[in-house]
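[1] turn this into a structure:
(one chain, ligands or ions: 1)
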Amino acid sequence: MHCESEETGMEKNAYKILLFNYYRDAELRGADLILRLINLAENQNIQEKLARHLADATNHAWLWTERILALGGEPIRIDNGYHRQLRRKAGLPANFLDLLALTCVVAERAHNRYAEHAARSDVAPETLKVLHEMQADEKTHLTWIMEKIAELEAKEGKEKVDAALRHYREIEAAVFADMQQEEQRALAQVGPDETV
Ligand SMILES: [Fe+2]
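    Have a look, this model is predicted:
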């Protein structure tokens with residue numbers, strides 16, 4: 001096992017390039033959810049947090065794009081990624097509480113996925129830097145989301161808010177499990193996971 005070098009070449013880095021394309025896709029579609037929240041959000045305080053969150057999500061998509069390019073790859077559109085499947089199963093929430101609950105679940109997953117990746121023993125320093133930066137951002141996102149959720153609990157009732165979170169957590173867990181299988185199949189086709 002060795003660390004990833006900045007050596008470029010489509011074939012050698014095909015696994016990383018595809019995996020980072022999945023991460024990039026999840027960030028871009030996550031940004032789409034935030035844009036929708038911006039349209040539904042009522043007060044200024046939350047508009048500031050949402051603007052920050054949107055800027056971070058698009059920055060994350062750009063950082064993955066840069067990693068893909070540095071490895072000699074190309075950013076591609078992912079047709080059957082995580083968010084597409086999520087949209088199919090969960091629909092598109094039309095109210096603020098449901099959209100926030102979905103965003104919360106998605107942010108938890110992003111944070112955990114990046115933490116899991118960063119904990120691997122063979123991660124290249126360039127990738128690790130990006131992962132750490134994103135993990136810190138995801139943590140900030142979860143902090144404001146949890147604050148807003150607590151506010152909604154006080155206003156609309158804990159039961160209602162808990163039910164929304166439970167609903168989206170269940171759907172997301174099933175979608176993530178399916179997607180991981182799908183991703184593993186696609187990644188297996190491009191070669192072994194040696195240097196991620
Ligand atoms: Fe992100």
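
[2] now E147: how far from I68?
    Note on E147: its distance to I68, by CB to CB, to the nearest Å, is 34 Å. C-beta coordinates here come from the backbone N, C-alpha and C atoms, glycine included.

[3] wouldn't F96 be in contact with L37 here?
    Yes - using CB atoms under 8 Å, F96 is in contact with L37, at 7.2 Å.

[4] between these two, which is the more surrounded one?
    Remark: of F96 and L37, L37 carries more neighbours, 22 against 18, as counted by other CB atoms under 10 Å.

[5] tell me who's in contact with that one.
    By CB atoms under 8 Å, 6 or more residues apart in numbering, the residues touching L37 are 50, 96, 99-100, 103.

[6] looking at these, spot the one nearest N80.
    Closest to N80 out of the contacts of L37 is T103 (21.3 Å), distances taken as CB to CB.

[7] helix or strand: which one has the closest one?
    T103 belongs to helix 96-118 when assigned by DSSP states H and E.

[8] that helix packs against which elements?
    When contacts are defined as 3 or more CB pairs under 8 Å, 6 or more residues apart in numbering; DSSP states H and E, helix 96-118 sits against helix 14-40, helix 82-90, helix 125-156, helix 158-190.

[9] ok, 7 Å please
    If you count contacts as 3 or more CB pairs under 7 Å, 6 or more residues apart in numbering; DSSP states H and E, helix 96-118 packs onto helix 14-40, helix 125-156, helix 158-190.

[10] what comes into contact with it?
    26, 30, 33-34, 36-37, 40-41, 90, 93, 123, 128, 131-132, 134-135, 138-139, 141-142, 145, 148-149, 152, 156, 161, 164-165, 168-169, 172, 176 (CB atoms under 7 Å, 6 or more residues apart in numbering).

[11] buried residues in that helix?
    96-111, 113-114, 117-118 (16 or more other CB atoms under 10 Å).

[12] now, which of those residues lie close to the ion?
    Within the set of the buried residues of helix 96-118, contact with the ion (CB under 5 Å from the ion) is found for A110.

[13] just want the residue of the chain that's nearest the ion.
    At 3.9 Å from the ion, H60 is the closest residue in the chain, using CB to the ion.

[14] re the thing from before, give the buried subset of the contacts of helix 96-118 as a ChimeraX selection command.
    With 16+ other CB under 10 Å as the criterion, this ChimeraX line picks the buried residues out of those:
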select :26,30,33,34,36,37,40,41,90,93,123,131,134,135,138,141,142,145,148,149,152,161,164,165,168,169,172,176
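
[15] sec struct for P75, please.
    Under DSSP: H, G, I helix; E, B strand; the rest coil, P75 falls in the coil class.

[16] contact partners for it?
    Going by CB under 7 Å, 6+ apart, P75 touches 21, 24, 65, 68.

[17] so which of those residues is the closest to K12?
    Nearest to K12 among those: I68, at 13.7 Å, using CB to CB.

[18] nearest to Q184, of the contacts of P75?
    Closest to Q184, out of all of the contacts of P75 and judged by CB to CB, is N21, at 14.6 Å.
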